[in-house]
Each structure stands twice: as structure tokens, then as C-alpha cells.
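Asks: quick one: sequence plus predicted model below, questions after.
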Amino acid sequence: MGQKKKKTPSNVLGTNRKARFNYFVEDSLECGIALKGTEVKSLKSSQFSFTDSYVEIVKNEMFLNKLHITPYNFGNINNHNPDRSRKLLAHKKEIKKLEKKVYENGYTLIPLMFYLKDGRVKVEVGLCKGKKDYDKRDTIKKNDLNRDAARNFKNDY
């Protein structure tokens, strides 16, 4: 039969649009993230930046680096460090499979999206391969052609 189209969650906190422009996304994995107190409130109010962030695998554990979560405004003296490394939660088999591809084939793990699922913050991590400049130009060209076609179709009706 046909492939199932992946449903995007309705409560998205943020998406990494630059990742889809700079990388070919081969596969993706939903992970939990280990957060401290006020980090959840900052994430829910979209006070974070993850354009330069990446995932690193160390000793069968995944860590999200360079994710900046702004300290919560109404927090107290126990606010978190905004740039600390955060542990991602996934099954050991999935981590080993990703680790194998990253080290053998030269892929990179990039966070693609943050969203809420049953009140918990989840991260969609993508297994990505870098695009060359000509690939990026092709992507821009396709987007322009699609936009022009949609505009012409709209004007016809």
C-alpha cells in the first residue's frame, strides 16, 4: 500500500527550518529530554534557540549541545544554566543504530522540532547529511517554481 505520512504535532514549540535547508534529512527519531525546573516553563513560552545545536553520542547516551534556553523571568535563585548540555532519552537499540550510522557514514544528528506530547517536551532528532552549495541552489529553485505555480493557479481561479 502507500506510505503513511507522518503527522505533525499540533502543539509545536519550535521548528528548525535552517536544518531542512542545510541538510538532507534521512531519518528522524522522537526523544524525550531531561530538563530542570524552570527550563520547561521557558520552553513552553518559546524562549529558546536551537539553530546551531547538534546531538552528540557519548557512551551510549545522547546529549543535546548548544541549545540555549533563556532563564525563566519569574524563576528564583535556582534558575538553570542557559547553555548546558542536556541528555536526550531514547531506547538503547535506537541509540546504537544512530551511532553506527553517524560514525560509519558521516551523518550528523540535528534537532528538527520541539513539541509537547501528553504534557511532556519531546525533541525530533534528524539523521542528516550535509548539502552542497549546488543542492541548496536547487532547493531554492524548486521552492521558487512551486511558489510561482501556486500563485498562477490562485490567480486563474
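Replies: Yep, it's here.
Asks: SS state for the residue nearest the centre of the chain?
Replies: Closest residue to the average C-alpha location of the chain: residue 112 at 1.7 Å, with Cα atoms, centre = their mean. Three-state assignment for residue 112 (DSSP: H, G, I helix; E, B strand; the rest coil): strand.
Asks: roughly how far apart are it and residue 51?
Replies: 12 Å (Cβ to Cβ, to the nearest Å). C-beta here means a position set from N, CA and C on the backbone, and glycine is covered the same way.
Asks: over to residue 21?
Replies: Look at residue 21 and residue 51: by Cβ to Cβ, they are 11 Å apart.
Asks: same question, residue 77
Replies: Going from residue 77 to residue 51 by Cβ to Cβ gives 30 Å.
Asks: quick one: which of the two has more around it?
Replies: The residue with more neighbours, out of residue 77 and residue 51, is residue 51; 14 against 4, by other Cβ atoms under 10 Å.
Asks: residues in contact with the more buried one?
Replies: By Cβ atoms under 8 Å, 6 or more residues apart in numbering, the contact set of residue 51 is 16, 18.
Asks: next one: phi and psi at it?
Replies: Dihedral pair for residue 51: phi -70, psi -30, per degrees, to the nearest 10.
Asks: per-residue pLDDT, it?
Replies: Residue 51 carries a pLDDT value of 81.
Asks: distance of it from residue 110?
Replies: In this view, residue 51 and residue 110 are 10 Å apart by Cβ to Cβ.
Asks: what touches both of those two?
Replies: Joint contacts of residue 51 and residue 110 (Cβ under 8 Å, 6+ apart) are residue 16.
Asks: hang on, the earlier thing: distance of the residue nearest to the centre of the chain from residue 59?
Replies: Counting by Cβ to Cβ - residue 112 and residue 59 are separated by 24 Å.
Asks: does residue 153 count as helix, strand or coil?
Replies: Under the three-state scheme (three-state DSSP), residue 153 adopts helix.
Asks: ok, how many other residues are close to it?
Replies: Quick note: residue 153 (other Cβ under 10 Å) scores 9 neighbours.
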